[in-house]
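In: I would like the atomic coordinates for the input below:
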Amino acid sequence: MNEPPTGREIYRMVGYVPQQLGLVRSYTSLQNVLLGALARTSLIPSLLGFFSEQELILARECLSLVGLERKLNEKVYRLSGGERQRVAIARALTQKPKLLLADEFTSDLDYVTALDIMDLLRENTRTDITLIMATHNIEIASEYADTAIVLREGKKVSESKAKDLTQEMVRRVFT
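Out: Have a look, this model is predicted:
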């Protein structure tokens, strides 16, 4: 019989990109991204900021994936809002999750960068991830999602194929 996963195993399997990002402003981009590797790192080395060469390589790759390879040593407080958003996404990818929960994770990005990030998640074979995202951007939802669920006051009021989602459908739900 299969044992249910432990809390630590679930932590490893589920990545999260919060709307408020949860970055350590005084850390560099690389240091923030390495926080995604904590579930695979022993306690003492992680407290001292020591990560294996493999984790460093992965963190750098994830920063490169989101277009920030030149900002890896930049303190997060010096980055733009969109760059911070991409650091948070790279941190979640470094975690190597099976499920990625994203709360408005493209909201601070310009439209072209948001599309680039969505393309990255859809096309990159290394990111074999199920993505559940909360978004108010109907265009991104209809282009990239399989299923769209519309919530009102925390309750599901509509479910459809995302490609069939329109502004008019959403407007009808909320009027």
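In: got the contact list for Phe105?
Out: The contact partners of Phe105, taken as CB atoms under 8 Å, 6 or more residues apart in numbering, are 17, 19, 85, 88-89, 117, 133. Where C-beta positions appear, they are placed from N, C-alpha and C, glycine not excepted.
In: one more: Ser160?
Out: Counting by CB under 8 Å, 6+ apart, the residues that Ser160 touches are 147-148, 169.
In: which sections of this protein are below the confidence cut-off?
Out: The chain contains residues with pLDDT under 70 at 1, 8, 42-43, 45-47, 123-127, 173-175.
In: swap the cut-off to 50 and go again
Out: 125 (pLDDT under 50).
In: so where do the helices sit in it?
Out: Taking DSSP state H as the criterion, the chain carries its helices at 7-13, 29-34, 43-47, 53-65, 81-94, 111-123, 138-144, 167-174.
In: using CSV, lay out those helices together with mean neighbour count and distance to Ile129.
Out: Formatted as CSV, the helices of the chain follow (neighbours: other CB atoms under 10 Å; distance: least, CB to CB, whole Å):
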stretch, mean neighbour count, distance to Ile129
helix 7-13, 12, 10
helix 29-34, 26, 16
helix 43-47, 11, 23
helix 53-65, 18, 12
helix 81-94, 24, 8
helix 111-123, 15, 7
helix 138-144, 17, 13
helix 167-174, 11, 26
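In: I'm done for today, thanks for sticking with me.
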